[in-house]
Structures are given as C-alpha cells and as structure tokens.
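>>> model the structure of this input:
(one chain, ligands or ions: 2)
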Amino acid sequence: MKVMILYGQSLSLNVRDLAEAAERLGHEVLLGSILNMSSYVDSEVSRFWLGTREVMDIDVCLLRSFGPGSCEELTRRISMVEHMEFAGIRVVNPCYPFRRARDKYATQYVLAKAGLPVARTFTTESIYRGYEMAKEFGESVYKPILGSRGYGSLKFSDPDLAFDAYKMLTRVGQPLVIQEYIPNPGRDIRVFVVGEEAVASAYKYRAGGTWKTNVAQGGRMVAEEVP
Ligand SMILES: Nc1ncnc2c1ncn2[C@@H]1O[C@H](COP(=O)(O)OP(=O)(O)O)[C@@H](O)[C@H]1O
Ligand SMILES: [Mg+2]
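Ligands and ions are numbered 1, 2, ... in the order given. Sure, this is the predicted structure:
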C-alpha cells in the first residue's frame, strides 16, 4: 500500500516509529508535514500535493496532527482533510473524529452522548464565570483545550489561585476548560476502541508527587485486561 503520514510542524518519535513500522510491513511511505500540503478543487476534480508531489494515488493517509497555526490556517487544514475524504482518500482517523479527540471540550460531550460517565466540565472565556465554577468544584482542574501528554494541565484547591491563572491564560487567547477533580486510586484506565470493539486496555499508574498519569509526566502504562 501507499501510505501517507501527515504530522504537524515537526517529526516526533511516535511518527517516526509509525513510518518505520509501515515500511517494515512492506508499505511505501510518504512522510510530510500538513503545513506543506496544497489542494485544488474545480467542478470536476480535486487534487492534493505534499510539497510538489501530487498525492491522489495513496491508499491511506494517517493523520497525526493538524499542526500549530492561526485560526485561519487551522480552518484551511481541517477543511483540506475533509476535502481529501470527500475526494475518496481514506484518512485515519477521519477529520471530525480526529478533531473531536484532540479537543478536550468536544471529547466530553461526545462521550456523554455515547452514554459514558464524564467529569463535570465547564467552558468559558470569562475569568469570573471560571472563578465561580472553581469555587463550586472545590478541587478543580484547568486543561488546555488542545493539550496533550499532560503538559499545561493545572490542579487547584484554591479558587483564587485558579482565578490568577485564568487571568493570564485568557490574556494569551486560551479559552478556559475547567473540570471537577476526580480522585483516583493512583491509576487511570485506558481502553482502545476500534469501531464498536474494545481491542486493548491498560492501566496507567502515576509517578509519585504528581496527579497525572501521563507517561510524559513519569507515569507507567501496563497492558492489563479491564473487566
Ligand atoms: N478531572 C480530572 N480529575 C483527575 N485527574 C485528571 C482529570 N483530568 C485529567 N486528569 C489527569 O491528568 C492527566 C492528563 O489529562 P488529560 O485530560 O488526559 O490530558 P492530556 O491530553 O494532556 O493527557 C490524565 O491522564 C489524568 O491522570
Ligand atoms: Mg490524556
């Protein structure tokens, strides 16, 4: 198969692993940044390029990131991925599920709609509304709407500390995603679902001194059957 792997601004270790694994399995790999993609549409055809290479002949596009950028740049990239799907390119994960999984706000309402229990989550751009919620939650968590690997998530037991953080965050254009803190027994559960099927699961143990279980924050992920 011809596999295109699209990353954001820079090539991460994960993406490199993915490319190597695909090559080992005998696939032809085209690796590039989504920032270098160009597209064209008229009433008859849709065309896409990675740099100067046209890429209509690929069998699957593994989408890893939309990359950093302005609202307008991101709008073009998100539309371009949807356009690729409309043009018959198989994108994994597809544009909208990918977007929802990256966006911590969207993840909550999608999971809630699917009938799963979710943490009480409040979003706002008002530091005063955020402050009221931090008080109501008692222990609260702020998370960057597009965060990952635990970077930038903050836990507060003092609503005034939360307020000061909100003030600085909103000044640099960050919306506030505020959640109730849910105590756990030192570990989280991660379940990988493909379609309707749970295909693998793991326990994620947190490192001492932190409330986050991310491997990037010193946590440990251990494959384990979940009942
Ligand atoms: N509301 C919460 N209550 C308790 N722990 C949380 C809460 N939200 C996040 N965490 C912890 O912080 C970690 C990072 O949060 P998460 O929302 O998964 O962001 P990221 O995408 O950065 O991993 C989680 O793995 C979990 O251990
Ligand atoms: Mg996480």
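>>> how about the helices in this structure?
13-24, 71-86, 95-102, 104-113, 127-137, 159-171 (DSSP state H).
>>> quickly list the domain ranges of this protein.
2-101, 103-180, 187-223 (automatic domain parsing).
>>> pLDDT averaged over the second one, what's the number?
To tie it back to what came earlier, the one meant is domain 103-180. For domain 103-180, mean pLDDT rounds to 97.
>>> quick one: is that domain near ligand 1?
Yes - with CB under 6 Å from any ligand atom as the measure, domain 103-180 is seen reaching ligand 1 through 104, 119, 141, 143, 147-150, 153, 179. Quick note: C-beta positions are derived from backbone N, CA and C, even for glycine.
>>> about what we covered before: could I get the helices of the chain in TSV, plus columns for mean neighbour count?
What follows is the helices of the chain, written out as TSV (neighbours: other CB atoms under 10 Å):
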stretch	mean neighbour count
helix 13-24	13
helix 71-86	16
helix 95-102	16
helix 104-113	15
helix 127-137	18
helix 159-171	16
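>>> switch these over to TSV; also include distance to residue 34.
What follows is the helices of the chain, written out as TSV (distance: least, CB to CB, whole Å):
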stretch	distance to residue 34
helix 13-24	11
helix 71-86	5
helix 95-102	11
helix 104-113	19
helix 127-137	32
helix 159-171	26
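>>> right, and these - which one's nearest residue 219?
helix 13-24 (16.2 Å; CB to CB).
>>> give me the contacts around the closest one.
Helix 13-24 is contacted by residues 3, 5, 7, 29, 31, 62, 64 when judged by CB atoms under 8 Å, 6 or more residues apart in numbering.
>>> nearest to ligand 1, out of those: which one, please.
Closest approach to ligand 1 among the contacts of helix 13-24 (CB to the nearest ligand atom): residue 64, at 14.6 Å.
>>> how many neighbours does the nearest residue to the closest one once chain neighbours are set aside have?
Nearest in space to residue 64, with sequence neighbours left out and distances taken as CB to CB, 6 or more residues apart in numbering, is residue 7 at 4.8 Å. For residue 7, the neighbour count with other CB atoms under 10 Å is 22.
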